[in-house]
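Visitor: A structural model of the following input is requested.
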Amino acid sequence: MIRAVLFDLDETLIDRAPAIRAFVADQYHRCADILSAIPSERYQQEFLEVEQFGRVAKKIVYPELAARLGLGDEAAAELLQDYTVHYPRYATLRPEARPTLDRLRSMEMSLGIVTNGVAEVQFGKIDALNLRTYFRTILVSAVEGVSKPDPVIFQRAAERLDLLQGECLFIGDNPLVDVVAAEASGMSAAWLANTESPWPSDVPEPRHRLSTLADIIPLLDRR
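Guide: Coordinates of the predicted model:
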């Protein structure tokens, strides 16, 4: 019996693509003193290419980006600091996320988040969207000292809820880091289908595929 639903954050609860594009465009103007010699279009294109749709940590992204653009370590550090301070306010919640969370809460489901990232940024996004009160537990990899897809972070989330892994359903957009990893830890998992992270052809199809977060409700009703 499923008693808890756990979520990935970026590109699952949060619609990441429009947020990061808006942020990068604004960062270019905020940091014009160090970026003025670089065309805006090039900066945005290089950033998105280096970060690989969020798969690369920003502490790696900005030094590589600076090197590509002929900037130094000081510029990389300034850009990273700008990201840490300003990016959380760009977070955009999927339109169906809050109604789904409300419905799950009315069903007396325990809710949690398991996300990779830096605490200041991830908690900043959660608080900017007023989400914290929905969740009994929030695990951020930088705080936990372990990241998805390591099964430990999934097991730890279940323990924080005083549940077995088999009583938890994990929802995520990344086929391997979220879905395959959660199931390997002993949880059930559902894939939020995402064209930016397509399901690999060499991996067995997911047991549960969601077109939208609202699909969680009928999935639970069938169980």
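
Visitor: Can you give me every residue that contacts the closest residue in space to Trp191 that isn't next to it in sequence?
Guide: Excluding its sequence neighbours, the residue lying closest to Trp191 (CB to CB, 6 or more residues apart in numbering) is Pro206, at 4.2 Å. Every residue, glycine included, has its C-beta placed from N, CA and C. By CB atoms under 8 Å, 6 or more residues apart in numbering, the contact list for Pro206 reads 175, 179, 189-191, 199.

Visitor: Closest one of those to Arg68?
Guide: For these, the closest approach to Arg68 (CB to CB) belongs to Pro175, at 28.5 Å.

Visitor: dump the residue contacts of that closest one.
Guide: Here Pro175 is in contact with 191, 197-200, 203, 206 (CB under 8 Å, 6+ apart).

Visitor: Mind checking which of those land in strands?
Guide: Trp191 (DSSP state E).

Visitor: And the contacts of Pro206, which is closest to Gln155?
Guide: Gln155 lies nearest to Ala189 out of the contacts of Pro206, by CB to CB, at 13.8 Å.

Visitor: Pull out the buried positions in the helix or strand containing the closest one.
Guide: Ala189 is part of strand 188-192, with elements assigned from DSSP states H and E. The neighbour-count criterion (16 or more other CB atoms under 10 Å) identifies 188-192 as the buried residues of strand 188-192.

Visitor: can you put those in JSON lines and add pLDDT and distance to Arg136?
Guide: Below are these laid out as JSON lines (pLDDT from 0 to 100; distance: CB to CB, whole Å):
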{"residue": "Ser188", "pLDDT": "97", "distance to Arg136": "18"}
{"residue": "Ala189", "pLDDT": "97", "distance to Arg136": "19"}
{"residue": "Ala190", "pLDDT": "97", "distance to Arg136": "19"}
{"residue": "Trp191", "pLDDT": "97", "distance to Arg136": "23"}
{"residue": "Leu192", "pLDDT": "97", "distance to Arg136": "21"}
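
Visitor: Kind regards, and thank you for your time.
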